[in-house]
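Colleague: Sequence and predicted structure below; questions after.
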Amino acid sequence: MSNPCVAHRGFSSTAPENTMAAFQLAMEQPYVTWIELDVQLSRDGVPVVIHDFSFNRTTSGEGLVRETNWSDIQKLDAGSWKSKEYAGERVPALSEVLDSCKGKVRLNIELKTQGNMYPGLPAAVIEEVRKRNMQDEVVFTSFEPAALAESKKLAPEITTGLIIDARPGDLLARLRQLECGFLSIGYTNVDKSLMREMKNDGIQVMAWTIDDKVIMKRLAAIDPELMLCTNRPDAWNEALQKSSNRA
């Protein structure tokens, strides 16, 4: 089976999510072809890689990302919460991640925002991507349609994708309106009819987030092009690659 393996926030079952350690570990696995990550803006406009809107869960800090300057974010420990082995891991800047991943793995960059929380986020991320000529190595995804619309307006050459954990009847119409070429959808919403509809419209589909090997195999059987996003790339390897090698 050839379903692309997407490492969710890096190899996040083992290393602390959205850190360079997690991304490096993912890139060391030859079967990982994509990495998913989350981007927000510091108070002074630096694109930083972190999932939550606050620092409390995954770092030694507290408070909101958007209210904290990059110089202070750099001082935080983003690894100790996971294990002592990763003490001292930092919240990376998007620039560092792009430099590390360029030419090695493709990136699903989630624009982490709600409403008008980060009006400058798409432009800041686009600037970093264009600076490295990585437009063909990334997709921008978001739950927030306005962020996708702004991205497409500023950088029509970059593929965008809606994130959704539902399957409304007008899903394809929404994607067309936003000019999306990508769909990031909760795995329970995926079936053959969805894949057929999306593929007929040229839309690439990623299912999230699957760590169970039985479920991975079931989804893989639906369509070999369905991307599987997982915290456990090792489980993907055991469920799909090793089983196909035995076939």
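Modeller: Good, I have the coordinates.

Colleague: C-alpha from now on. contacts and neighbour counts both.
Modeller: Fine.

Colleague: Quick check: longest strand in the chain by residues?
Modeller: strand 32-41 (DSSP state E).

Colleague: Moving C-terminal from it, which element do we reach first?
Modeller: Downstream of strand 32-41, the first helix or strand assigned by DSSP states H and E is strand 47-49.

Colleague: Poorly predicted segments of this structure, please.
Modeller: Counting by pLDDT under 70, the low-confidence segments of the chain come to 1, 242-247.

Colleague: Going along the chain, name the strands of it.
Modeller: So, for the chain - with DSSP E - the strands run 5-8, 32-41, 47-49, 106-111, 138-142, 159-164, 182-186, 204-208, 227-230.

Colleague: At which residues are the helices of this protein located?
Modeller: For the chain, helices defined by DSSP state H occupy the ranges 20-27, 70-73, 94-101, 121-131, 145-154, 171-178, 192-200, 213-222, 233-236, 242-246.

Colleague: List the strands paired with the longest strand of the chain, with their directions.
Modeller: strand 5-8 (parallel), strand 47-49 (antiparallel), strand 106-111 (parallel) (DSSP bridges).

Colleague: thinking again about what came up before, please work out which of the strands of the chain is packed deepest.
Modeller: Among these, the stretch with the highest mean neighbour count (mean count of other C-alpha atoms under 10 Å) is strand 5-8, at a mean of 28.

Colleague: and residue 124, what does it touch?
Modeller: By C-alpha atoms under 8 Å, 6 or more residues apart in numbering, the contact list for residue 124 reads 45, 46, 47.

Colleague: circling back: need the strands of the chain in a markdown table (columns: distance to residue 196).
Modeller: Putting the strands of the chain into a markdown table (distance: least, C-alpha to C-alpha, whole Å) gives the following:
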| stretch | distance to residue 196 |
| --- | --- |
| strand 5-8 | 20 |
| strand 32-41 | 22 |
| strand 47-49 | 34 |
| strand 106-111 | 22 |
| strand 138-142 | 21 |
| strand 159-164 | 17 |
| strand 182-186 | 13 |
| strand 204-208 | 11 |
| strand 227-230 | 14 |
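
Colleague: What is the neighbour count of residue 128?
Modeller: For residue 128, the neighbour count with other C-alpha atoms under 10 Å is 18.

Colleague: Chain neighbours aside, what residue packs nearest to it?
Modeller: In space, and not counting its chain neighbours, residue 128 is closest to residue 95: 6.3 Å by C-alpha to C-alpha, 6 or more residues apart in numbering.

Colleague: ok, that neighbour to residue 131 distance?
Modeller: 10 Å (C-alpha to C-alpha, to the nearest Å).

Colleague: between those two, which one's more packed in?
Modeller: residue 95 (18 against 11).

Colleague: So that one versus residue 127, what's the distance?
Modeller: Distance, residue 95 to residue 127, by C-alpha to C-alpha: 10 Å.

Colleague: and what of residue 239?
Modeller: Residue 239 is 38 Å from residue 127, by C-alpha to C-alpha.

Colleague: So the two - more neighbours on which side?
Modeller: Taking other C-alpha under 10 Å, residue 239 and residue 127 do not tie; residue 239 has more neighbours (19 against 14).

Colleague: ok, the nearest residue to the more buried one once chain neighbours are set aside - contacts?
Modeller: Nearest non-adjacent residue to residue 239, counting by C-alpha to C-alpha, 6+ apart: residue 213, 5.2 Å away. Contact analysis of residue 213 by C-alpha under 8 Å, 6+ apart lists 235, 236, 238, 239.

Colleague: and if we set it to 10 Å?
Modeller: Contacts for residue 213 were tallied using C-alpha atoms under 10 Å, 6 or more residues apart in numbering; they are 219, 232, 234, 235, 236, 237, 238, 239, 240.

Colleague: Alright, calling it a day.
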